[in-house]
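K.L.:
Below are the sequence and a predicted model for it; my questions follow.
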Amino acid sequence: MEENQPQKRSYASDLVRIVERIIRSIPLLGRLCDSKRSSISAASKEIVISTLFSTLPIWFFPTIYTFFFKDTPPLLTNMKSSVDQGDLYIYSSALIGPLIFAITYNYAEWGDQNNSPSASRIGKLTFVFPYGLWFFCISIFISMIAIICFGLMRFESSGFISAKLNKDSLLNVSIVMYLASLICLFLVSVYRNDLADVSNNDSGATKDFVNDWNKRHG
């Protein structure tokens, strides 16, 4: 039995290393393996509070209505009726705004001044933020899809277009997009907190915060 204990620990450590290697290879998620627990904890609290208060219209009244009135539909049915007109598309876009601001205000430059190999570029816009280009493109994509889908749902319900939409599918897409927006906002918050720690501890010799962060975990 005692001889099997080291083997079990070895298998467990090998499994952990394999899982970590897989996570590191996934875009957007890879740097979580190097992030501080304090950064992850702070980002988690931020997301929970933001979600709780931003979605009050979706869950608060349906909860009151379901539990304090007789002969009412199930809670999930009442919550669905709160977002069946595409409201989650609006919430997704509302989350994306702070995300774009967070990665462009302090961690994006216009021009060719930054030649760091860790920087990512789209045209003359350079990001010195982890996965900055990924986050930027995903944010634009979510915003455009939200605009189109929300517009279609509202125009269809108002009678401006005669086409019959599959509202259940559009609702499912809106849920997926809202969750994707939350995940992106969480990851941006984690990486921003890590970079803020690097910046606060920096001696001022360099402005490339991403390189400093990489070296810290190298």
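P.N.:
That came through, no problem. What you are looking at is a predicted structure, and each value in this text was computed from that prediction instead of being measured.

K.L.:
Select the longest helix from this protein.
P.N.:
Secondary structure assigned by DSSP state H gives helix 167-201 as the longest helix of the chain.

K.L.:
chain center to it: distance?
P.N.:
The gap between the average C-alpha position of helix 167-201 and the chain average comes to 1 Å, counting by CA atoms, centre = their mean, to the nearest Å.

K.L.:
Now it: average pLDDT?
P.N.:
What helix 167-201 shows for mean pLDDT is 83.

K.L.:
For it, which helices and strands make contact with it?
P.N.:
Packing partners of helix 167-201 (3 or more CB pairs under 8 Å, 6 or more residues apart in numbering; DSSP states H and E): helix 37-54, helix 75-83, helix 87-105, helix 132-158, helix 209-216. (C-beta placed from N, C-alpha, C; glycine too.)

K.L.:
Go again with 7 Å.
P.N.:
The helices and strands touching helix 167-201, judged by 3 or more CB pairs under 7 Å, 6 or more residues apart in numbering; DSSP states H and E, are helix 37-54, helix 87-105, helix 132-158, helix 209-216.

K.L.:
got the angle between the second one and helix 167-201?
P.N.:
Direction vectors for helix 87-105 and helix 167-201, defined by axes from the mean of the first three to the mean of the last three CA atoms, to 10 degrees, enclose an angle of 20 degrees.
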